[in-house]
Structures are given as structure tokens and as C-alpha cells.
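[1] Let's see this in three dimensions:
(one chain, ligands or ions: 1)
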Amino acid sequence: MDIHQRVTTARVLPDNGNNNGWYNLLPPPPPARRLGPRETTHWAIIGAGCCGLAVARQLAVHRPQDRIVLIDAERVGFGASGRNSGFMLNVHTHGMAKKLGIVRRNMRLWEGGLEDLRRLVATHQIQCDWSDWGRVYGAAGPEGEAHMAEVAQSYDRLGLAYRRLDRADMERHTGTSYYTMGIRAHGSALVQPAALMRGLAETLPANVDLYENCPVREIHHGNGFELVAAEGTVRAEKLILASGVFITDLDHCRNRIVPVATYASLTRPLTAKERAPFRDIDEFALLPTSPFGSTIRWMGDGRLLIRNGLTYEADKRFEPGDLSTARNLHRESVKRRWPLLAAVEFTDTWGGIMAFTRNDGAIFGKLGENVYGVVTSDISPVTRGTMAGKLLADYVVGADSELLRLQLGIPKAGLLPPDPLLRFAVNFQFRRIRASGALEV
Ligand SMILES: Cc1cc2nc3c(=O)[nH]c(=O)nc-3n(C[C@H](O)[C@H](O)[C@H](O)COP(=O)(O)OP(=O)(O)OC[C@H]3O[C@@H](n4cnc5c(N)ncnc54)[C@H](O)[C@@H]3O)c2cc1C
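    So this is what the prediction gives:
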């Protein structure tokens, strides 16, 4: 059979601009390995985010004699998995967790992903500022407090330990009296995400060959696959798509993923005087109860991270205008909490695209003859994606486990209407959530 029976052309290629504050804190990586003109491999994996790295690692364990080629359009750590807020979550809920059985199942998977990451970081001594500080949720007004009560109720029903915080406790944790109440929870971890991703890539098993800065522009299907990049081609027997939100651009899972951008800024290290509000605070990591609120981290190196803003981005790009709007929003958020820091510069502001689904569903498993796919989405995406990636490798080789059966129990991501209906529905939903979480921005 001819390999060129059918050709898929990537509609959109990843382009995260030139900024990612976490990545910029790292030393420049060694030059990326270059693709030869005609590579052949047993397995090709597109996408070296948390999912793709996890698939590659586990597949290499199952198939030590096989060659595994892992390809990414950008440098590892530059994509969504290396530009997030660094919360490695075991559980997370905005408001009331409605179906406890589902949350419990999900927690087993997310906790498994977290434990894998913890083990890999310890085993390979990955320098990614891993911290077990956990998280604090903060509410800043009546609506936030109502959400917080629901989070507490969910934790009670799930049997999760937490501590309620009043305004004074919140100030002791965060150095601001902005929050009226909160919840302190443990069990999740914090990382420098770009450093974690780079460390995971550097410690992949020897039969994985990683090619970065290598966007796959075409996939030729037939008796196997031929991936076409600018520098060369890769002929593979089996193909795994771990390309995140871009999976739809390789002609799979169309109308099942909502591309949503969110934005983060990092300050320069604060001066001794500016650190006054955080005098007795080594570290904190705050999640809002509203999805529209601000995620904030105060880190040991004297920097603040702030993340907020959600926009629907059908073309998976953020324009310079989006970034300056985000930067202004971040400045206002910092000023409201710590007026002393109103003028502190951000060294970086960046955006990233995430995948949302309609039903908290999954993209996982077989997508076609010898093609498999995994996309992480919604709640706890990095721990969730790390576990889903590992389990996909189990699935493709036919291994069985209780966790794999749990993963297979997650419903397929639901079908979505096309634009402009989807845009309208998402923006409508965003307006509604924004209104109920305005004080937490
Ligand atoms: C600002 C921000 C804050 C966030 N905070 C958190 C948080 O605190 N905790 C959390 O769990 N999650 C967080 N997230 C979400 C989380 O980072 C992502 O959902 C997750 O990393 C997605 O992982 P992935 O492996 O599915 O996709 P990605 O990390 O996007 O990896 C997919 C890879 O595929 C590559 N690719 C795509 N198409 C091609 C192609 N044609 N050729 C070659 N390569 C291709 C891309 O370059 C990319 O590197 C945040 C996201 C953002 C943007």
C-alpha cells in the first residue's frame, strides 16, 4: 500500500510568541537535535508537553527494543506544559463537586500523575523548585465566600483534610487583607514548570529520540505514516498524537475541544523594602474559587506570579494587544492586593492555550488504524495529562491495570457546535462566571 494515500496538512502550528517567564529564567538549552532527511521509527509521538513526555517514557519501558521518535514544534518547556502556574494538583474544584464518584475516580488518576512526577523529580534530581507547600483558596467577597463554602462542603464529603482561614489567617498566609476568607489544603505540589518539563525530557530513556523546533506540517497516511517537517521526514509504523489543543489541526477530534487562552505575569525579584508584606512568609500559592479569579504565587526567589484572564482563541494565537490587556489586568490585580507593589515591573507577560471540553471528557485511545491520541483538559491538567499519557502507552501495548480501566471510564469529550455558535456560547459562559468572580480577579 502506498504511504501517500491520504495527506493531512496541519491547519495551525503552535506559536507561543517569544515569551514565557519561566523559560526565560532557565539557562539557554543546548541546540535542538536536528531531524535527518529520512528517519524511520517504530513509534512517532507528536507533542512533547506533559502528555507526550509521559507517553514516550512509558512506551520506552514497554518496548525497550523499539525506536520512539518524539517531535515538538517548539523547545520543550516553551509550550503550555512549561508556561503554566506550576500547580501540580491532586484535586481541584471550583465550587461544589457534584458527582462524588467521578471526583473520587479522577482523584485516583490525578494523584497517580502527581506521584509519578514526584518520583521522577526525586529519582533524576530534576531541579524544578519542587515544593510540597500545597495550596490556599482565597475568597474576596460574598460570592467568593459562597463558592468557598461549596468547596469546603465538597472536601467534607470527599473526606479531604483542610483548614478554614479567616481574614487574619489569610493575611498571615498572603501578606494582604484583601481576602475575606480561605481554605488551606495540602497534598498538591508546586514547580517551576519549564524546568520540570526540560528535566523530564533530559531524562527520557535511551530509545526515545527527541526532536524540537520541528513542526510537523503534513502527515501522509497509508501503510504506516510519514511525518513531514521542514528539515526532513519521519516514517513511522504507529503514530501517537499528544499535540494538546492542536490535535484538531491534525484532523482529529474536531469539534470536541475548546481552545482557551489564559495569561500570566512574573515580577522581577522584589527589593527588601518591597518584600515588607511578605516578611514572615517564605512561600504561598493561591487559587481563586472562581475560574475567572487570579492564581497567585509568592516564591522563594522574591518574585510574584499572577495568572488571570480567559479568552476564547479559535486560531490558537494571542495578539500583542491581548498581552498588553493581560499585563494591565495583572498590574491592577497586584495593586488591589499590595498597593505598595503597584509600580513593580513585570519581567514577562505571556499567554498559553489550554484545551477545555464540554463534559470534562477525555481524548484518549485509538483514533484510527495505528493512530492513538491523548489530550489533557479542564481540571488538574498536568497531573491528569501525565497519568493519561502513561496509561495511553499501556493501552497501545495491551497492558491492563485498574488505573487504565478508570481512565477508560472517563467519557469521550462531547461534541461542540461550530463557530460562531461555539464562540457565542463560550463568551456567554465566560461573562457569567466573570460577573460572579469579579472580586477575585
Ligand atoms: C498560563 C497557564 C497557567 C496554567 N496553570 C496550570 C496549573 O497551574 N496547573 C495545571 O495542571 N495546568 C495548568 N495549565 C494548563 C496546562 O499547562 C495544560 O493544560 C497542559 O500543560 C497541556 O499539556 P499537553 O501535553 O496536553 O499539551 P502541550 O503542553 O500544549 O503540549 C503539546 C505539544 O504539542 C506540540 N505540537 C502541537 N502541534 C504540533 C505539530 N504540528 N508539530 C509538532 N509539535 C506540535 C506543541 O508545540 C506542544 O508543545 C495552565 C495553562 C496556562 C496557559
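[2] For the closest residue to the ligand within the stretch 301-441 of the chain, give me its contacts.
    Residue of the stretch 301-441 of the chain nearest the ligand, by Cβ to the nearest ligand atom: residue 352 (2.3 Å). The C-beta positions use only the backbone N, C-alpha and C, and glycine is treated the same way. Contacts for residue 352 (Cβ atoms under 8 Å, 6 or more residues apart in numbering) come out as 16, 20, 79, 80, 83, 84, 261, 262, 263, 264.
[3] Mind picking the lowest-pLDDT entry from those residues?
    Ranked by pLDDT, these bottom out at residue 16, which has 90.
[4] Find the nearest non-adjacent residue to residue 372, please.
    residue 240 (4.9 Å; Cβ to Cβ, 6 or more residues apart in numbering).
[5] now, which of the contacts of residue 352 lie close to the ligand?
    The residues of the contacts of residue 352 that also fall near the ligand, by Cβ under 6 Å from any ligand atom, are 79, 80, 83, 84, 262, 264.
[6] near the ligand, which residues of the protein show up?
    Checking the chain against the ligand by Cβ under 6 Å from any ligand atom, the hits are 10, 13-14, 46-52, 71-74, 79-81, 83-87, 89, 215-216, 242-244, 246, 262, 264, 307, 352, 354, 375-376, 380-382, 385.
[7] Return a ChimeraX selection command for the buried portion of those.
    The following ChimeraX line selects those of those that are buried, judged by 16 or more other Cβ atoms under 10 Å:
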select :10,14,46,47,48,49,50,51,52,71,72,73,74,79,80,81,83,84,85,86,87,89,215,216,242,243,244,246,262,264,307,352,354,375,376,380,381,382,385
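[8] And the pLDDT at the closest residue to residue 42 other than its chain neighbours?
    Of all residues not flanking residue 42 in the chain, residue 66 sits nearest, at 3.9 Å (Cβ to Cβ, 6+ apart). Looking at residue 66, its pLDDT stands at 98.
[9] likewise residue 93?
    For residue 93, the predicted pLDDT is 77.
[10] and it, that one's in a helix?
    No - counting by DSSP: H, G, I helix; E, B strand; the rest coil, residue 93 falls outside a helix, being coil.
[11] who are the neighbours in contact with it?
    By Cβ under 8 Å, 6+ apart, the neighbours of residue 93 are 103, 151, 154, 379.
[12] Which one (most neighbours) among these?
    residue 151 (24 neighbours; other Cβ atoms under 10 Å).
[13] Just the element for that residue, please.
    Secondary structure from DSSP states H and E places residue 151 in helix 142-158.
[14] cool, and residue 390?
    Applying DSSP H and E, one finds residue 390 within helix 381-397.
[15] For that helix, buried residues please.
    In helix 381-397, counting by 16+ other Cβ under 10 Å, buried: 381-396.
[16] is it true that residue 158 touches residue 91?
    Yes - using Cβ atoms under 8 Å as the test, residue 158 is close enough to residue 91 to be in contact (7.4 Å).
[17] Please identify which of these two sits among more neighbours.
    A direct count of neighbours by other Cβ under 10 Å for residue 158 and residue 91 places residue 91 higher, at 23 against 14.
[18] which residues touch the more buried one?
    103, 106, 107, 110, 111, 158, 160, 187, 188, 380.
[19] again, 10 Å this time
    Going by Cβ atoms under 10 Å, 6 or more residues apart in numbering, residue 91 touches 97, 103-104, 106-107, 110-111, 114, 135, 154-155, 158, 160, 185, 187-188, 379-380, 383.
[20] same thing with residue 57?
    Residue 57 neighbours (Cβ under 10 Å, 6+ apart): 68, 70, 116, 120, 200-201, 203-205, 208, 386, 389-390, 393.
[21] how about stretch 51-62: buried residues?
    Those would be 51, 52, 53, 54, 55, 56, 57, 58, 59, 60, for stretch 51-62 by 16+ other Cβ under 10 Å.
[22] Would you quantify the distance from the third one to residue 148?
    Taking Cβ to Cβ, to the nearest Å as the measure, residue 53 and residue 148 are separated by 35 Å.
[23] can you tell me which of the buried residues of stretch 51-62 lies nearest to residue 404?
    residue 58 (11.1 Å; Cβ to Cβ).
[24] isn't the closest one right up against residue 392?
    Yes - using Cβ atoms under 10 Å, residue 58 is in contact with residue 392, at 8.1 Å.
[25] State which helix of this structure is the longest.
    Secondary structure of the chain per DSSP state H: the longest helix is helix 100-123.
[26] Quick one: mean pLDDT for that one?
    Regarding helix 100-123, the rounded mean pLDDT is 95.
[27] okay, the angle between that helix and helix 142-158?
    90 degrees (axes from the mean of the first three to the mean of the last three Cα atoms, to 10 degrees).
[28] Just checking: what are the partner strands of the helix or strand containing residue 264?
    Taking DSSP H and E as the definition, residue 264 sits inside strand 258-267. Strand 258-267 sits in its sheet next to strand 304-312 (antiparallel), strand 346-356 (antiparallel), going by DSSP bridges.
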